[in-house]
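Colleague: below are the sequence and a predicted model for it; my questions follow.
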Amino acid sequence: MTTALRRLHATFGTFGLDGLRLVRAVAGLPWFMRDAMRYRRSAAAGRLPLRWGGLRPMLADRFESAGVASGQYFHQDLWAARQVFSARPARHVDVGSRVDGFVAHLLTFMPVEVVDVRPLASGTTGLTFVQEDATELRRYADASLESVSSLHAVEHFGLGRYGDPVDPSACFRAMASLARVLRPGGRLYFSVPVGAERLEFNAHRIFDPATVLAEFSSLRLIGFSAVDDAGTLDVAASPDRYRSARYACGLFEFTKD
């Protein structure tokens, strides 16, 4: 997809419109009508016959693949969940990551404490929710957590997108707080968009990997992987390689000595 088409698609998405899906839906309408007529004739005297009041058109699905096994969130959530599973900490705290992705992966083998400025209603076993400003993490003492994660979240802090106060320094204060609460020997799993550094207000920031390493200079980098611009996982990558990426995802694992 060209840059112009990407921006047009993003603009439609801002207003809840998916232009590509709309095109596919129009293309799928003749197929739906043909299949509906065929089913109605075939099941007229059998079980579960088609009645006109029972129509619920799904027009675009025939053009889509069986699922998504690539891209930033797929690889990022799987990467971090595998790292936590391998480390098997007694306690894990997550700051702002996807609950229906990474956090759900963790809940299959351990409880998770989730911190977010937005409310979350859930009775899910093993999920403890804490609503607070994640840029400060005031309820957590210095060097108190053995396992912490924040995936694809900090780049949004301070932009007002989620109702949080506008604050250009919020993302950097959040990184400082994550470093502060990590205990010696613990693990921090951290991801943000990486590439040519810039702000795309109020969606997100894209960081130079060198900026992230500088902000976490009090920690030691254990490993760096990335999901490149094509959505492919690059394991044990060089951070320098991603300094000029368009919109990659940097996966950082840190510890505190």
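Modeller: That came in fine, so what should we check first?

Colleague: so who does the closest residue to Ser97 other than its chain neighbours touch?
Modeller: Leaving aside its chain neighbours, Ser97 sits nearest to Leu151 (4.0 Å; criterion: CB to CB, 6 or more residues apart in numbering). C-beta: built from backbone N, CA, C; applies to glycine. For Leu151, the contact set (CB atoms under 8 Å, 6 or more residues apart in numbering) comprises Gln76, Asp77, Ala80, Asp94, Gly96, Ser97, Arg98, Phe102, Tyr189, Phe190, Ser191.

Colleague: distance of Leu151 relative to Pro89?
Modeller: Remark: distance between Leu151 and Pro89 (CB to CB, to the nearest Å) = 16 Å.

Colleague: any idea what the residue nearest to Ser97 is bridged to?
Modeller: Beta bridges link Leu151 to Ser191 when assigned by DSSP bridges.

Colleague: any figure for the gap between it and Glu197?
Modeller: Counting by CB to CB, the gap from Leu151 to Glu197 is 19 Å.

Colleague: ditto for Glu132
Modeller: 28 Å.

Colleague: which ones are touching Pro165?
Modeller: Taking CB under 8 Å, 6+ apart as the contact definition, Pro165 lies against Gly158.

Colleague: phi, psi for it please.
Modeller: Main-chain dihedrals, Pro165, degrees, to the nearest 10: phi -60, psi 140.

Colleague: just Ala80 next, same as before
Modeller: phi -70, psi -40.

Colleague: that one: neighbour count?
Modeller: Neighbourhood size, Ala80 [other CB atoms under 10 Å]: 24.

Colleague: same check, this time on the one 10 residues further on
Modeller: The burial count assigned to Ala90 is 8, neighbours taken as other CB under 10 Å.

Colleague: what's the nearest residue to it if we skip its chain neighbours?
Modeller: Counting by CB to CB, 6+ apart, Ala90 lies nearest to Glu146, which is 7.0 Å off, once chain neighbours are set aside.

Colleague: one more: Val68?
Modeller: Phe74 (5.8 Å).

Colleague: by contact count, what packs against the helix or strand hosting the one you found?
Modeller: If you go by DSSP states H and E, Phe74 is part of helix 72-87. Other helices and strands packing on helix 72-87, by 3 or more CB pairs under 8 Å, 6 or more residues apart in numbering; DSSP states H and E, are helix 104-107, strand 145-151, strand 182-194, strand 220-227, strand 248-255.

Colleague: may I see the buried residues of the fourth one?
Modeller: Neighbour counts over strand 220-227 (16 or more other CB atoms under 10 Å) mark Phe224, Ser225, Ala226, Val227 as buried.

Colleague: what's the longest helix in this structure?
Modeller: helix 19-42 (DSSP state H).

Colleague: which residues does Arg180 contact?
Modeller: Applying CB under 8 Å, 6+ apart, the residues near Arg180 are Leu137, Asp142, Ala143.
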